[in-house]
Structure formats: structure tokens, C-alpha cells
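**Q** mind folding the following:
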Amino acid sequence: AGIALWEIAGRSTSQAFMVPFSETVMRLIQLAGTANFWQQLAESATLFGTGFALSLIVGVPAGVLLARMPALRVGVEPYIMILYATPMVALIPFILSIMGFGFAPKVLVVFLFGVFPVLYNTVEGARSIKPELIEVARSFRSGEWALWREVMLPYTLPYVMTGVRQAIGRCLVGMVAAEFFLSSTGLGQLIMGASQNFDTGGVFASILIIGLIGVGLMRIGLMIEQHFARWRQ
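**A** Next comes the predicted model:
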């Protein structure tokens, strides 16, 4: 019965889609042997790294600040929620009309995809700090900066790393979306070119690369969390 269903699915599915995994691997090896592939990979890595770094630089301090200032959080949280609930892909034409083509608008897209998981997880982590810890720090006459450095940031690190792992996947999606809709470069260009040429193996190979990058980065993030947050155990 299983073989019959597979044959029916094979007849009803385009032959261009039925590509064995071995062909995808062979296509990946062929791509890795070209200089253009590494150039495109470097462009995507630069775009991803810039947008992801900005997400961390903005999201972590802003999250701690919103947790420390309830009045500010109440004032800006509705606007942040509206922006977060808006599909980021729908904002790409708006960003294009304002900033045009280039590297900066693509970085903005990646940043918008990744900043909100970091921001919200940091806020929740900072708000979950036990008041007793704050009181002990105050009893030792810790200033605001010392309180952030010695209490809040170490305590919220596991929450931040959860947001970081979520942001990695979202930033990869934002990277590909920006390369699709703003200017065709990087791995997005490889996917589009392979799709237009009906090179299904090339499409799957490019997608496999993005997936492997995401898994590797998430694994690195987990290792960093386990190293700096061993006190949770």
C-alpha cells in the first residue's frame, strides 16, 4: 500500500521536484567548488551578521531598560506590540520606498526580524528577578550600572540566550526575504537563479546550506548559555 501511494504521489508531482538527496549533495559539492558561491555566501554572512548584531545591541539594553522603568514600558509597549504583530515581509515594500535598494535597507529588514525575540525575552527575564536580589545589591550601595552588571545581566542571560536562538532563525528568514525582494544577492540570489533555471538540486542545496548554518549557530548559542549560566544547574 505504501509503495502504491508513493507511485501515485510520484505521478501527481512534477518530476522537477522529485530530486534524490544524493543529487542535492552532488549539487552542493559543485557549488562549493566555485568562487561565486563563496562570494555569495560571504555577502549573506555579512548581511546576517550585521542585522543580527544590531538586534543584540538594541534588544538587550532596551529590554533591561523597559524592565527597570515600568512607566516607559507601559508607554511604548503597545507600539512595540503593533510592530511585532505586523508581518515583517509586508514592511519590505515600505522600507524599499523610503530607503531604496542597497545594503542598509536589507540590514534593517534583518534587524526587524530578529530584534523582537531578544527584546521580549530580555524584558521577561529582567522582570522575573527576585526583589530580594535587588535589595541585597542596594544594601551594598550598588549603583544603577553595578546593579545592571552584577545582578540583572547575569540573571537575565538564560532568557537572553533563548531570545538569541529564536532570533537566529528569524534573522535567516529576514536575510533571504531581503535578498529576494530588495536586491538579489547572496544565497537568495542562488536560490532564485536555480529556481528560474529549474535546477531543483541547486535550490535544495542552497536551502540545506541555510539550514545547516542555522543549526550550527543555534548550537553555538546553546554552548555559550551553558558556559555562562552554569549557576542555573
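
**Q** need the contact list for residue 61.
**A** Listed by CB atoms under 8 Å, 6 or more residues apart in numbering, residue 61 has no contact partners. For glycine as for every other residue, the C-beta is placed from the backbone atoms N, C-alpha and C.

**Q** and the pLDDT for it?
**A** With respect to pLDDT, residue 61 scores 89.

**Q** how close does it sit to residue 55?
**A** Taking CB to CB, to the nearest Å as the measure, residue 61 falls 12 Å from residue 55.

**Q** try residue 77
**A** From residue 77 to residue 55 the distance is 18 Å (CB to CB).

**Q** so if I had to pick from those two, which one is more boxed in?
**A** residue 55 (27 against 14; other CB atoms under 10 Å).

**Q** my guess is that one contacts residue 171. True?
**A** Yes: contact criterion CB atoms under 8 Å: residue 55 and residue 171 qualify, at 6.7 Å.

**Q** name the residues contacting each of those two.
**A** 110, 114.

**Q** flag the shaky bits of the chain, pLDDT-wise.
**A** Along the chain, the model assigns pLDDT under 70 to residues 1-21, 228-233.

**Q** just the strands in it please.
**A** Counting by DSSP state E, the chain forms no strands at all.

**Q** burial check on residue 190, number of neighbours?
**A** 26.

**Q** residues contacting it?
**A** Residues counted as contacts of residue 190 (CB under 8 Å, 6+ apart) are 31, 37, 40, 202, 206.
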